[in-house]
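Colleague: Starting from these lines, generate the structure:
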Amino acid sequence: MTQQYYIASSRELPTGSSGKNKTVMTIRDYIEKVNPSAKDQIVMQALLEKDPEGDQLMDIYETELDAAGLYVAGPMKSVDASCPFRQPYIYQVDPDGGSFEMNDEKKLSSPEYYQCSRKCITELFEYLGHHLEIGEELELYTCTDYGFDRSWDLPNQDDLIIDLSTFQLGDNFEWKERQLIRDSILLGKNNLHEYALGVTSNNPHYGPVHNPWNHEYTPGGSSGGSAAAVAADLTAASIGTDTGGSVRIPAASCGVVGLKPTYNKVPTEGVFYVSWTLDHVGPITANMTDLAVLFSAMTKQSYLPYLNQDIRGLRVGVPSSYFNEHIDPETYALYLQSLEALESLGAILIDTDVSFVEGNSEVSLTIAASEAGYVHKSRMECCLSQYGADARAFLESSRDITSLQYIEALKTKE
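Modeller: Below is the predicted model of the structure:
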């Protein structure tokens, strides 16, 4: 059997209790003795660009499942058949759910690799945190489709990888220093609204993402697959991008927790922009504890201590307008209960008039459409017909925005 699944590290990594069939060799030996054709793979070329002599050690596995075993110390979590969302394998959870993309070969060859395990957020972080030193690199390679049926300038491959080289934008590339990159494992690729240009996640190329609570409902968007996957317990955590609500909307729609971080809190290198001015990368999890763990990994700061912090005296602004005018009565009752809970813990509730934000949507839309039109300019010129109807309409609207309107919107944002 040709060994295809490999992990490149700056040194040999210890094998977890589930890891097996591992061979350790240099990149050079792998190409010369095992798989000569590997030198033509985009992944291997990226490794050789950093190490032309091919001296870097690689952990090589016979199967993808063997490679995955490195990261999970012990058996996969058993599945509770009584849970309406959980089934043995992710691709079986909801064949019409649309939140994940997996090819048939992987479904047949190693379904266990996709088995849901809450260990991703705890044991993974702890395990690799013990075995990787500061400055060492762990690389797992794959590519993304951005919710489109073609990805220009990206390799057509689906290895067991997060490709840091694809995202690298110079020596100051911040993600390489983040614990998240070193301590995570790829479970699958989430579906989303095409190019993140909408809020329904009804993707014309990969199909719609369904809300796991009710398939007749939208999960929201644009990061609908990320929120649906967490809500359906396919994964402990996921990542989304938020330009004007694309993490917060699906999180609210699916009943999970989504955070749009403060500006510059999380780097956006590697993001295929809707708007470089407005885009944020944010976590989506099932609860606040998981969110604190994931956000700590993304920012290199610890947020867990804040979860149990005394909030007596904390001032909480409660919008008195432009917030609850169209809210569902049941949702409004839960909202009031949340405020009462905060007040019972000692928080000070302050009525706040936020009507001044009423025109902000138009400002954000002007900025987002203008910058998206620039990002997609070359693709629109050659392949506009290949976009879905709503994405195409959004991008075409950028042509009607004047430079003066764009500048005025930027100044208003300031």
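Colleague: Phi, psi for Arg315 please.
Modeller: phi -90, psi 120 (degrees, to the nearest 10).
Colleague: What sits closest to it if chain neighbours are left out?
Modeller: Ile348 (5.1 Å; CB to CB, 6 or more residues apart in numbering). For every residue, glycine as well, the C-beta is placed using N, CA and C.
Colleague: give me the number of residues near that neighbour?
Modeller: For Ile348, the count of nearby residues is 12 (other CB atoms under 10 Å).
Colleague: care to break this structure down by domain?
Modeller: As recorded under automatic domain parsing, the domains making up the chain are 80-129+189-305, 312-414.
Colleague: list the contacts for Gly255?
Modeller: Shown in contact with Gly255 (CB atoms under 8 Å, 6 or more residues apart in numbering): Trp213, Ala231.
Colleague: if we can go back for a sec, quick check: which of the domains of the chain is buried the most?
Modeller: Neighbour counts (mean count of other CB atoms under 10 Å) averaged over each of the domains of the chain peak at domain 80-129+189-305, with a mean of 20.
Colleague: ok so, going back, phi first, then psi, for the residue nearest to Arg315.
Modeller: The phi/psi pair for Ile348 (degrees, to the nearest 10) is phi -100, psi 120.
Colleague: and it, what does it touch?
Modeller: Taking CB under 8 Å, 6+ apart, one finds Gly313, Leu314, Arg315, Val316 in contact with Ile348.
Colleague: give me every residue that touches the third one.
Modeller: Translated: Arg315. Neighbour list for Arg315: Ala347, Ile348, Ile350 [criterion: CB under 8 Å, 6+ apart].
Colleague: Could you check how far it is from Ser338?
Modeller: Distance, Arg315 to Ser338, using CB to CB, to the nearest Å: 16 Å.
Colleague: tell me the contacts of Arg392?
Modeller: Leu384, Ser385.
Colleague: mean confidence score for the helix or strand hosting Ile284?
Modeller: Per DSSP states H and E: Ile284 is located in strand 280-285. What strand 280-285 shows for mean pLDDT is 91.
Colleague: same for whichever strand or helix holds Thr23, what does it pack against?
Modeller: In the assignment (DSSP H and E), Thr23 maps to strand 22-26. Counting contacts by 3 or more CB pairs under 8 Å, 6 or more residues apart in numbering; DSSP states H and E, strand 22-26 packs against strand 57-61.
Colleague: Any stretches of the protein with poor pLDDT?
Modeller: Across the chain, residues meeting the criterion (pLDDT under 70) sit at 1-22, 41-47, 58-189.
Colleague: the strands in it, which residues?
Modeller: When secondary structure is read from DSSP state E, the chain shows strands at 5-9, 22-26, 57-61, 100-101, 138-141, 161-162, 189-190, 202-203, 207-208, 237-242, 257-258, 280-285, 315-319, 348-352.
Colleague: So what are the sheet partners of the second one and their directions?
Modeller: Yep, that's strand 22-26 we're talking about. Using DSSP bridges, strand 22-26 pairs in its sheet with strand 57-61 (antiparallel).
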